[in-house]
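Novice: I need the structure of the sequence given here:
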Amino acid sequence: MSNDGHSQATIGCPLSGPYARQRAVLATMHGKEAAIVPAFQERLELTVETPSAIDTDALGTFTGEIPRAGTIREAAIAKARLGMAATGLSIGIASEGSYGPHPHVPFIPGGVELMVLVDDGRGIVVSEYLIDDAPVYEHVVAAEIGDLRTFLDHIRFPDHAVIVRPHEPDDGSVLIHKGLRTAEALESALETSTLRSRDNRALIQTDMRAHMNPTRMASIGRLARALCDRLATPCPACGAPGYGQIDVETGLPCEWCGAPSIMVRYQIFGCVACEFREMRPRPDGRTHADPGHCPECNP
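Specialist: Model prediction:
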């Protein structure tokens, strides 16, 4: 039996389902309830509680003081279970993000957002993800605030907060100024950080915590709606919630030579509770690949 559901959502599913009038816990300490709770209430009629005493940073931080263990999916499940343990509820929700080089275009920034619902009553874990093609995720090295005007305009400061730390720390201690949203706080952090850096410069980064980055918060809201749509989709075989795409099969025939290309040929849909699987053609109706994607025609 597979509990692995990690695909894009099925479109057109009903807006209520097996979670109506039930209770779940959302594990967050960064305000994600603003983007997540309304989606689950409106689309699934699921009541989501957000306890204030859950320290999700104990499982890893964006700034690296506490490394995240395991995969992004494992981290999200661990967060959900923190909330479940704290409340005694059998349904937990959590999300996790990872930002860096774009997963498909490495020379531009990108991110992956993943959200899970852990349902111990049914013994399933349903997850959904999205790729963020246009995050506000940047950094710069500078010595004084006058060097930052272009950077701050680009990231839409102060709507998006920043983090400041020494560029080359002069000792092993951690000095990080987070959540900076005023010029005064930024200038003070720069002064402190440059004095503690061997090259007298500071590293300034966008704060990627959800409550400090409205662009990321909007992505989390889109992801919450996609997960709700998936949860409202029952398995055609067993009726369990969370039916959706779990994988792809490449090999779309080349339009020149007919050999398998690297492009997707089929989408693979599956259930998180039983072994039911089905192959679906590409939703765009494309039946042949451009020769540029063919290993034979473009080795």
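
Novice: Tell me the helix or strand right after the strand or helix carrying Leu223.
Specialist: Assessed by DSSP states H and E, Leu223 sits inside helix 214-231. Following helix 214-231 in sequence order, the next helix or strand is strand 244-250 (DSSP H and E).

Novice: Now do that next one against helix 214-231, angle only.
Specialist: Taking axes from the mean of the first three to the mean of the last three CA atoms, to 10 degrees, one finds that strand 244-250 is oriented at 100 degrees with respect to helix 214-231.

Novice: And Ala35, how far from Glu113?
Specialist: Computed as CB to CB, to the nearest Å, the Ala35 to Glu113 distance reads 11 Å. In this view, the C-beta of every residue, glycine as well, is placed from N, C-alpha and C.

Novice: Name the residues contacting each of these two.
Specialist: Jointly contacting Ala35 and Glu113 under the rule CB atoms under 8 Å, 6 or more residues apart in numbering are Ile220.

Novice: Flag the shaky bits of the chain, pLDDT-wise.
Specialist: 1-16, 60-64, 66 (pLDDT under 70).

Novice: returning to that earlier point: return the distance of the helix holding Leu223 from the chain's centre.
Specialist: Distance of helix 214-231 from the chain centroid (CA atoms, centre = their mean, to the nearest Å) equals 9 Å.

Novice: what does stretch 189-205 give?
Specialist: On CA atoms, centre = their mean, the centre of stretch 189-205 falls 30 Å from the chain's centre.

Novice: Going by neighbour count, which residues of that stretch are buried?
Specialist: If you call a residue buried by 16 or more other CB atoms under 10 Å, then stretch 189-205 has these buried ones: 189-190, 192-194, 196-197, 201-205.

Novice: could you redo these as a markdown table and give each row distance to Ala224?
Specialist: Compiled in a markdown table, the buried residues of stretch 189-205 are given as follows (distance: CB to CB, whole Å):
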| residue | distance to Ala224 |
| --- | --- |
| Ala189 | 33 |
| Leu190 | 36 |
| Thr192 | 37 |
| Ser193 | 35 |
| Thr194 | 40 |
| Arg196 | 39 |
| Ser197 | 39 |
| Arg201 | 39 |
| Ala202 | 35 |
| Leu203 | 32 |
| Ile204 | 30 |
| Gln205 | 26 |
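
Novice: and which of those is nearest Glu138?
Specialist: Gln205 (7.4 Å; CB to CB).

Novice: from what I can see the closest one touches Glu138, true?
Specialist: Yes. Between Gln205 and Glu138 a contact is recorded at 7.4 Å, counting by CB atoms under 8 Å.

Novice: host element of the residue nearest in space to the middle of the chain?
Specialist: For the chain, Glu113 is the residue whose C-alpha lies nearest the centre (CA atoms, centre = their mean; 1.1 Å). Using DSSP H and E, Glu113 sits within strand 109-119.

Novice: which strands and helices sit next to that strand?
Specialist: Identification of packing neighbours for strand 109-119 by 3 or more CB pairs under 8 Å, 6 or more residues apart in numbering; DSSP states H and E yields helix 72-87, strand 91-101, strand 124-132, helix 214-231.

Novice: The ones you listed: which one's closest to His167?
Specialist: Closest among those, using CB to CB: strand 91-101, at 18.8 Å.

Novice: got the CA coordinates for the closest one in PDB?
Specialist: C-alpha atoms of strand 91-101 as PDB (Å, rounded to 0.1, in the frame of the first residue of the first chain):
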ATOM      1  CA  ILE A  91      -5.700  15.200  11.200                       C
ATOM      2  CA  GLY A  92      -2.700  17.500  10.800                       C
ATOM      3  CA  ILE A  93      -1.800  20.000   8.100                       C
ATOM      4  CA  ALA A  94       1.600  21.600   7.400                       C
ATOM      5  CA  SER A  95       3.600  23.200   4.600                       C
ATOM      6  CA  GLU A  96       7.300  23.500   3.800                       C
ATOM      7  CA  GLY A  97       9.200  25.500   1.300                       C
ATOM      8  CA  SER A  98      12.600  25.200  -0.400                       C
ATOM      9  CA  TYR A  99      14.200  28.100  -2.400                       C
ATOM     10  CA  GLY A 100      17.300  28.300  -4.500                       C
ATOM     11  CA  PRO A 101      18.100  27.800  -8.200                       C
END
